[in-house]
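Enquirer: Here is my input; please provide its structure:
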Amino acid sequence: MYFSYGWPKVLNVLEEDHQNVVHTTFVEVGSAWYLVVVTTTALQVWSGGKHRVLLGQLCREDVSLDVEGVNVGALVQSGTGRIAVLTSNYYLLFFEITATSQSLTSGTEISAVELQLVNIVPGEALHLVEGATASSSTQVAGNSELILVGHSNGQLTQCSWDGKRKFQGDPCGNMAAAFAPRTVSKNSAGAVERRSLDSAGSGSGYVAAGDAPGASAVVDMALAAGMQMLVVVLRSGLCALLRPASVVEALNSPDSAGPMSPKSIKRRADAPFVQQLVCERWLGLSADVSSADLAPASGLLALGTHSGAVELYSLNGAYRPPSPTLPLSPSLASSPNVE
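Expert: Next comes the predicted model:
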């Protein structure tokens, strides 16, 4: 008989300083798995296997905290061990996980394993665009190729992983003057809705809004690079579906034969990804969206709302891989509100 015990395991991450943990993720570097933990003033690397051991730590100096601000978000590049940390003073700080020649032994005599210690090496410090004033709601997202930072004015900045290139874009446009929540009646339960993007409407369904302070701040982003799709959630509760202009034009063309594959989509080589993006349409039943995530394999977009509802959209017209559509989770599939 076999059984598990001792889970969940609690890690003591700078407990004496009562710091907030702003990012955690598992990453594979070479043949090793690590758990990367970023707090407001420090970075830690723990072993990612059965034995959870602190392998390396870097606490930022007071001078750096005064100039660049505390950590508010982070992103880890898969396969390389590079870490990009977003700070409160609009910097991206780059670090790299490097193995050392030192090791330690963890576990009992029977199950002992040798773990290699690591260094967290500081790299470039990239100051983001001066005009894009960020706030505590600033978000960071990306993949192994690029980093996207959302700002409190709705603008986006694209950065390279070497910390030497940055590009700014404004795909959402003048949010405060152009769009506002639309009034949509909810169902009686108000728990889950599954809709098609074709029925979600575009910007034409919104009316002019007042200039609410911070309404255009980016509070969440979801990137699906294979679909060339970025979903941006704003503090106002609006949610923008962004894609490169060439993709939108191709999908709306009368000659379009239906869903497109990544091979049929050619990016313009003369423009960064963030400057190709345009707002294809606005999403959200009642403009109270708080979070978003994309599931490319199942062709679904999930929007969390402040009211506790989850809105599900089918990505009709977008690229869908040949694998079968994944089923909804039992909690959602059993809801009477799912079509």
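Enquirer: the helices in the stretch 151-300 of the chain, which residues?
Expert: Assigned by DSSP state H, counting those that start in this stretch, the helices in the stretch 151-300 of the chain fall at 175-178, 245-252, 273-276.
Enquirer: okay, those helices, which one's buried deepest?
Expert: Highest mean neighbour count of these: helix 273-276, a mean of 20 (counted as mean count of other C-beta atoms under 10 Å). Just so you know, the C-beta spots here come from the backbone N, C-alpha and C atoms, and that holds for glycine as well.
Enquirer: Show me what that one is packed up against.
Expert: Here helix 273-276 touches strand 156-159, strand 166-169, going by 3 or more C-beta pairs under 8 Å, 6 or more residues apart in numbering; DSSP states H and E.
Enquirer: Turn the ones you listed into a markdown table, columns for mean pLDDT.
Expert: Converted to a markdown table, the helices and strands packed on helix 273-276 look like this (pLDDT from 0 to 100):
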| stretch | mean pLDDT |
| --- | --- |
| strand 156-159 | 90 |
| strand 166-169 | 86 |
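Enquirer: Can I get those strands in JSON lines including distance to Val10?
Expert: As requested, the helices and strands packed on helix 273-276 are arranged in JSON lines below (distance: least, C-beta to C-beta, whole Å):
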{"stretch": "strand 156-159", "distance to Val10": "34"}
{"stretch": "strand 166-169", "distance to Val10": "38"}
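Enquirer: Distance to Gln116 and mean neighbour count added to those, as CSV?
Expert: Below are these laid out as CSV (distance: least, C-beta to C-beta, whole Å; neighbours: other C-beta atoms under 10 Å):
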stretch, distance to Gln116, mean neighbour count
strand 156-159, 30, 24
strand 166-169, 34, 18
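Enquirer: quick one: which of those strands is nearest Leu86?
Expert: Closest to Leu86 of the helices and strands packed on helix 273-276, according to C-beta to C-beta: strand 156-159, at 10.0 Å.
Enquirer: What strands flank the closest one, and is each parallel or antiparallel?
Expert: Here strand 156-159 has these sheet partners by DSSP bridges: strand 147-150 (antiparallel), strand 166-169 (antiparallel).
Enquirer: any weak-confidence spans in the stretch 101-250 of the chain?
Expert: The model of the stretch 101-250 of the chain has pLDDT under 70 over residues 106-112, 129-138, 173-213.
Enquirer: Go through the strands paired with strand 156-159 and name the closest to Glu61.
Expert: Among those, strand 147-150 comes nearest to Glu61, with 23.3 Å by C-beta to C-beta.
Enquirer: hmm, who's touching the closest one?
Expert: Contact with strand 147-150 is made by 75, 84, 86, 92, 128, 134, 138-142, 156-161, 217-219, 221, 223, 230, 232, 274, as judged by C-beta atoms under 8 Å, 6 or more residues apart in numbering.
Enquirer: pretty sure Val67 belongs to a helix, no?
Expert: Yes - counting by DSSP: H, G, I helix; E, B strand; the rest coil, Val67 is found in a helix.
Enquirer: Now for it: which residues touch it?
Expert: Asn89.
Enquirer: per-residue confidence at it?
Expert: pLDDT recorded at Val67 is 92.
Enquirer: quick one: it and Arg60, what's the gap?
Expert: For Val67, the distance to Arg60 (C-beta to C-beta, to the nearest Å) stands at 10 Å.
Enquirer: try Gln139
Expert: According to C-beta to C-beta, Gln139 and Arg60 sit 21 Å apart.
Enquirer: who's Thr25 bridged to?
Expert: Val36.
Enquirer: That one - how many residues pack around it?
Expert: Per other C-beta atoms under 10 Å, the neighbour tally for Thr25 reads 14.
Enquirer: Let's see the pLDDT reported for it.
Expert: For Thr25, the pLDDT comes out at 92.
Enquirer: For it, list the residues it contacts.
Expert: Here Thr25 is in contact with Leu35, Val36, Val76 (C-beta under 8 Å, 6+ apart).
Enquirer: Is it possible to get TSV of those residues that adds pLDDT and distance to Val27?
Expert: What follows is those, written out as TSV (pLDDT from 0 to 100; distance: C-beta to C-beta, whole Å):
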residue	pLDDT	distance to Val27
Leu35	93	8
Val36	94	6
Val76	95	5
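Enquirer: just the residues you listed now: which is nearest Leu301?
Expert: Leu301 lies nearest to Val76 out of the contacts of Thr25, by C-beta to C-beta, at 24.0 Å.
Enquirer: separation between the closest one and Val113?
Expert: Counting by C-beta to C-beta, the gap between Val76 and Val113 amounts to 23 Å.
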